[in-house]
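# heads up, no residue letters with this:
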């Protein structure tokens, strides 16, 4: 099958469509359902629905927007990535992302493809098929942003060989994760952090779990120790 100059396998691909906006979610559902070889197995407008649907339908591809209920498509990707699903789903982010740091977080979360929301139907079908095959694709606008960012580095590496591992690990964190790490290191409880950031305790626990996973530590005490080692906290 030839799409946009690419030869793509027409093997069947099942898709779970997740998006905050009903008009977008339903439009994607109709468009993909009308495409031979693509089976839309479900739709969701929040994280909980997406996880339940993925467990039930085992899609090849989870297509998600950036906003999803009170949470985000990034959380869907990270949480489903930890699920023991067979086959493990691939992820396609459908959103225009203007912020480089946010785009980095999306890529780090584990997406196989990123398309801006002005992508053509042909590009969407191509991205779904490529993701289903376990390969990667960036839409033209996304690829251009990445190239511009890379060229702007002037050939300088952002990682210094002599940098301590603790500082390297902390540099991989999102702004929210760094914020929660600092609050944890300052001695605040989960409930206190939730109150401070206007989020739920469950969300705080999820962030702390991600911190422990990313930083490869066993408990909150080691999180605190790493925060000091990385120079984020100053001993009294």
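Structure received. The structure displayed is predicted, hence computed values, not measured ones.
# buried ones in the helix or strand where residue 208 lies?
Residue 208 is part of helix 201-215 when elements are defined by DSSP states H and E. Using 16 or more other CB atoms under 10 Å as the test for burial, helix 201-215 gives 203, 204, 206, 207, 208, 210, 211, 212, 214, 215. (Glycine included, C-beta is placed from N, CA and C.)
# Residue 96 versus the closest residue to the fourth one other than its chain neighbours, what's the distance?
Among residues not flanking residue 207 along the chain, residue 180 sits closest, at 4.7 Å (CB to CB, 6 or more residues apart in numbering). If you measure residue 180 against residue 96 using CB to CB, to the nearest Å, the figure is 27 Å.
# again, but for residue 219
39 Å.
# Also residue 110?
Residue 110 is 20 Å from residue 96, by CB to CB.
# neighbour count winner among residue 180 and residue 96?
Comparing residue 180 with residue 96 by other CB atoms under 10 Å, the one with more neighbours is residue 180, at 27 against 14.
# Test for you: state the pLDDT assigned to the more buried one.
pLDDT, residue 180: 89.
# Can you tell me the element it falls in?
In the assignment (DSSP H and E), residue 180 maps to helix 175-185.
# That helix: how far from the chain's middle?
Relative to its chain's centre, helix 175-185 lies at 19 Å (CA atoms, centre = their mean, to the nearest Å).
# So which residues make contact with that helix?
With CB atoms under 8 Å, 6 or more residues apart in numbering as the test, helix 175-185 has contacts from 101, 170, 173, 192-193, 196-197, 204, 207-208, 210-211, 214, 220, 223-224, 227-228, 232-233.
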